[in-house]
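Asks: What follows is a predicted protein model with its sequence.
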Amino acid sequence: MDTTFPDNNGLWRAIESSVVHHMIYGVIILTEFVIAGLCGLGGCRLVKNIKHPAAFNQAKSLAILGLTLGFILWFTGFMAIGGEWFLMWQSEVANGQQAAFRLVMIIGVVLVYLTQTDEEKHP
């Protein structure tokens, strides 16, 4: 919060402990690795079952889990907590809200599409 507006009333929210700061940063990075792994494995399962709608529907679970975790991280973590609680919107240097919004929108659209049930086509 060192790049937010000077003398604002929200500076009491700053995390000043470097240990806590690094722990939270580590949790964010670990969560991103888990998201990438779940989405990657989910994508591989989907490609493997692309010709069989019933199996394809069952294979969606890992990808949906990864995307949901990504939505939670980027919306709750970056837009709500970072952007509003820690006043990230005030920073010209460390304002990641636009990037977080883009990711949330992409993830949301993919989740809406992926959660639709695929049906077999009958000739």
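Replies: Here it is on my side, so go on. Numbering: from 1, shown residues only.
Asks: pLDDT below threshold where in this protein?
Replies: 1-5, 12, 121-123 (pLDDT under 70).
Asks: How many neighbouring residues does residue 53 have?
Replies: 14 (other C-beta atoms under 10 Å). Any C-beta I mention is one placed from the backbone N, CA and C, and that applies to glycine too.
Asks: right, I mislabeled it, should have said residue 50
Replies: 12.
Asks: And for residue 85?
Replies: 10.
Asks: now the residue lying closest to it once chain neighbours are set aside: how far from residue 73?
Replies: Spatial nearest neighbour of residue 85, chain neighbours left out: residue 13 (6.0 Å); criterion: C-beta to C-beta, 6 or more residues apart in numbering. As for residue 13, its distance to residue 73 is 20 Å (criterion: C-beta to C-beta, to the nearest Å).
Asks: For those two, indicate the residue with more neighbours.
Replies: Under the criterion of other C-beta under 10 Å, the comparison of residue 13 against residue 73 puts residue 73 first, with 20 against 12.
Asks: Report the contact partners of the more buried one.
Replies: 28, 31, 32, 35 (C-beta atoms under 8 Å, 6 or more residues apart in numbering).
Asks: ok, which stretches of this structure are helices?
Replies: 18-48, 53-58, 60-71, 97-114 (DSSP state H).
Asks: now the ones you listed in JSON lines, with distance to residue 84?
Replies: Shown next, in JSON lines, are the helices of the chain (distance: least, C-beta to C-beta, whole Å):
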{"stretch": "helix 18-48", "distance to residue 84": "16"}
{"stretch": "helix 53-58", "distance to residue 84": "37"}
{"stretch": "helix 60-71", "distance to residue 84": "17"}
{"stretch": "helix 97-114", "distance to residue 84": "9"}
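Asks: Residue 9 is nearest to which of those helices?
Replies: helix 97-114 (20.0 Å; C-beta to C-beta).
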